[in-house]
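>>> prediction below, plus the sequence it came from.
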Amino acid sequence: MAKKKCCKKCKLFVDGGECPACKSKSFSTNWQGRVYVVDPTKSEIAKKIGITVKGEYAIKCR
């Protein structure tokens, strides 16, 4: 199984060639930890780290 890739700019896990959240094309497969945000408007963690779009995010992305 291939390692997931995350956007270097917003840390969202991405399948395609462009990040749907920030439109970046810069990705990394070198990441650690993950958090899944269901409702960014109610999530304290999402507010603290600046997430506005629901989805699965890497905690640390290099």
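That came through fine. Numbers count the residues shown, from 1 in each chain.
>>> what sits up against stretch 11-28?
Outside stretch 11-28, the residues that touch it by Cβ atoms under 8 Å, 6 or more residues apart in numbering are 4-10, 31, 34, 52-53, 55-59, 61-62. For glycine as for every other residue, the C-beta is placed from the backbone atoms N, C-alpha and C.
>>> in the protein, where is pLDDT below threshold?
Applying pLDDT under 70 to the chain flags residues 1.
>>> helices of that one, start to end?
Applying DSSP state H to the chain gives helices spanning 44-49.
>>> what bridges to the most centrally placed residue in the chain?
By Cα atoms, centre = their mean, the chain has its centre lying nearest to L12, at 1.6 Å. Counting by DSSP bridges, L12 is bridged to Y57.
>>> just give me the neighbour total for Y36.
10 (other Cβ atoms under 10 Å).
>>> residues touching the closest residue to S43 other than its chain neighbours, list them.
Nearest non-adjacent residue to S43, counting by Cβ to Cβ, 6 or more residues apart in numbering: V37, 5.5 Å away. Residues in contact with V37, defined by Cβ under 8 Å, 6+ apart, are S43, I45, A46, I51, V53, K54, G55, E56, Y57.
>>> ok, R34 touching K60?
No: counting by Cβ atoms under 8 Å, R34 does not reach K60; the two are 9.7 Å apart.
>>> so for these two, which residue has more residues nearby?
Applying other Cβ under 10 Å to R34 and K60 shows that R34 carries more neighbours, namely 14 against 11.
>>> which residues does that one bridge with?
Bridge pairing for R34 - DSSP bridges - gives A58.
>>> got a list of what it touches?
Applying Cβ under 8 Å, 6+ apart to R34 gives the contacts F13, E56, Y57, A58, I59.
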